[in-house]
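Asker: sequence unknown, structure follows:
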Ligand code: F0G
């Protein structure tokens, strides 16, 4: 078996997504993770002639994302901050849409804090420690803050999370509180919270940015592509379907699959399908209009609070991922999200939060555009326990019984 190439940090570069400005990852982070030349977002790439990590799957001694450390831009010598993220189940869904024979759910709700964010947080916090960061900060619709809070505790660092007033699922806030984060509510929506956090890190060097603008988050999140490939028996799915909010995850998963191909590991890439809620769908609108830019949605509105985002910061990367992959973007109605979430739980035993049910709602809509035996992987991004308030129930409505006989006498 070919030996895993252990890559040191100096082979990785920050590269601007617009003007191609580059700098070595080994140096310190560019301020706010923005291009020093044009201010656009940065991605992390392997230097052109650096040896590629061809056998990513040789390290069987670990189950977390750090199994793939040969493909992560972190030096071997640093202390990896981990809670055992990754290694989530890929489950065959047979009853939810019978016409699709190979519909699979990648259940990211089984990560340590219940969402895919943990993959990226593990890598970004490892980097933050290396950079001597003191206070880690993010704006969040909930899951990023839960994850940041947990991994900051793990690293022994402080965290500050800025959440939009109202609309944040209480389950997510409970997590941030439990892990000891400092929580600030910001007037307005997620987009204004992210703007404020971006200003905060640019004006005060004591704060370190942990939103998905931080390209180390993307590097961690790309590992889900490696896992899917491995779990499918070294096969690439035909479609990957996922909810899109700030658009970091679709860029990350696409990067993972693209790297597998570029590194000579796989021979194809999947089509990426980005799903947004009807009331928060700037990327869907841009693609529908064949536009190269988005028109932000001023007042995004949806029951899926995790993706209630009108001005996604990584829109350019998302549009590229969808176009390059030959995929598309669709919006779904809140009522279809609610139904899909219920079906996933009652027919498949997979309980997800609202945003995570959006891909299932989309597959039901799109089944005529797909072949019946296409391999379709939906990313179930977050655990259903997070937004419990959306399952309406009155505890006093359940029958109260005194003994077994009263159960037996009832028609249940
Ligand atoms: N699904 C869930 C459960 C999420 O929490 C998010 C984003 C997304 C999908 C969309 O991912 O932003 O990378 O396109 N949640 C962020 C947060 C915004 O603050 O927790 P994306």
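Answerer: Done, it's in. In this text the structure is predicted, and so the values were computed from the model without any measurement.

Asker: Flag the shaky bits of this structure, pLDDT-wise.
Answerer: 1-10 (pLDDT under 70).

Asker: Close to the ligand: what parts of it are there?
Answerer: With C-beta under 6 Å from any ligand atom as the criterion, the chain meets the ligand at residues 115, 140-144, 212, 243-249, 306-307, 353, 355-356, 381-382. In this view, the C-beta of every residue, glycine as well, is placed from N, C-alpha and C.

Asker: among those, which are in strands?
Answerer: Judged by DSSP state E, the subset of those located in strands is residue 243.

Asker: for the residue nearest in space to the middle of the chain, what are its contacts?
Answerer: Geometric centre of the chain, nearest residue: residue 249, 4.1 Å, by C-alpha atoms, centre = their mean. Residues near residue 249 by C-beta atoms under 8 Å, 6 or more residues apart in numbering: 116, 212, 221, 242, 379, 381.

Asker: Which of those sits closest to residue 29?
Answerer: Taking C-beta to C-beta as the measure, residue 212 is the one of the contacts of residue 249 closest to residue 29, at 14.6 Å.

Asker: Assess the claim that the closest one and residue 315 are in contact.
Answerer: No: between residue 212 and residue 315 there is no contact, the gap being 11.9 Å when judged by C-beta atoms under 8 Å.

Asker: how does this protein divide into domains?
Answerer: Using automatic domain parsing, the domain parsing of the chain gives 11-71, 90-113+217-390, 117-214.

Asker: In the stretch 1-150 of the chain, what residue spans correspond to strands?
Answerer: Ranges of strands in the stretch 1-150 of the chain, per DSSP state E, counting those that start in this stretch, are 12-16, 22-24, 42-46, 90-92, 102-107, 135-139.

Asker: Can you lay out these as a markdown table showing mean neighbour count?
Answerer: Converted to a markdown table, these look like this (neighbours: other C-beta atoms under 10 Å):
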| stretch | mean neighbour count |
| --- | --- |
| strand 12-16 | 21 |
| strand 22-24 | 14 |
| strand 42-46 | 20 |
| strand 90-92 | 14 |
| strand 102-107 | 23 |
| strand 135-139 | 26 |
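
Asker: So for residue 258, which of those sits nearest?
Answerer: When the strands of the stretch 1-150 of the chain are compared by C-beta to C-beta, strand 42-46 sits nearest residue 258, at 10.6 Å.

Asker: What is that closest one packed up against?
Answerer: Strand 42-46 sits against strand 12-16, helix 215-221, with contacts defined as 3 or more C-beta pairs under 8 Å, 6 or more residues apart in numbering; DSSP states H and E.

Asker: Tell me which of the ones you listed lies nearest to residue 367.
Answerer: Proximity to residue 367 (C-beta to C-beta) singles out helix 215-221 among the helices and strands packed on strand 42-46, at 27.3 Å.

Asker: Any chance you could list what contacts the closest one?
Answerer: Contacts to helix 215-221, defined as C-beta under 8 Å, 6+ apart, come from residues 14, 33, 41-44, 65, 72-74, 85, 116-117, 119-124, 126-127, 210-212, 248-249, 251-253, 255-256.

Asker: repeat that with 7 Å
Answerer: Helix 215-221 is touched from outside by 14, 33, 42-44, 65, 72-73, 116, 119-124, 127, 212, 248-249, 251-252, 255, with contacts defined as C-beta atoms under 7 Å, 6 or more residues apart in numbering.

Asker: before we move on, what about stretch 259-269?
Answerer: With C-beta under 7 Å, 6+ apart as the test, stretch 259-269 has contacts from 52-54, 56, 71, 225-226, 229, 236, 257-258, 325.

Asker: first to last residue in that stretch, what's the distance?
Answerer: Stretch 259-269 has an end-to-end distance of 9 Å (C-alpha to C-alpha, to the nearest Å).

Asker: For that stretch, buried residues please.
Answerer: If you call a residue buried by 16 or more other C-beta atoms under 10 Å, then stretch 259-269 has these buried ones: 259-260, 263, 265-266, 269.

Asker: Enumerate the beta-bridge partners assigned to residue 162.
Answerer: Applying DSSP bridges to residue 162 gives these bridge partners: residue 139, residue 184.

Asker: now swap in residue 13 and tell me
Answerer: Residue 13 forms beta bridges with residue 24, residue 45, as assigned by DSSP bridges.

Asker: Could you check which helix or strand contains residue 283?
Answerer: Assessed by DSSP states H and E, residue 283 sits inside helix 282-288.

Asker: how big is the angle separating the helix or strand following that helix from strand 42-46?
Answerer: Per DSSP H and E, the first helix or strand lying C-terminal to helix 282-288 is helix 315-325. Angle, helix 315-325 to strand 42-46, by axes from the mean of the first three to the mean of the last three C-alpha atoms, to 10 degrees: 40 degrees.

Asker: Neighbour count: residue 212 and residue 315, which is higher?
Answerer: More crowded of residue 212 and residue 315, by other C-beta atoms under 10 Å: residue 212, with 29 against 21.

Asker: got the contact list for the closest residue to the more buried one other than its chain neighbours?
Answerer: Leaving aside its chain neighbours, residue 212 sits nearest to residue 248 (2.8 Å; criterion: C-beta to C-beta, 6 or more residues apart in numbering). For residue 248, the contact set (C-beta under 7 Å, 6+ apart) comprises 212, 217-218, 221, 314.

Asker: So which of those is the closest to residue 370?
Answerer: The closest of the contacts of residue 248 to residue 370 turns out to be residue 221 (C-beta to C-beta; 24.8 Å).

Asker: Leaving out the residues flanking it, which one is nearest to that closest one?
Answerer: Leaving aside its chain neighbours, residue 221 sits nearest to residue 252 (3.6 Å; criterion: C-beta to C-beta, 6+ apart).

Asker: Is there a neighbour count for that neighbour? I'd like the number.
Answerer: 28.
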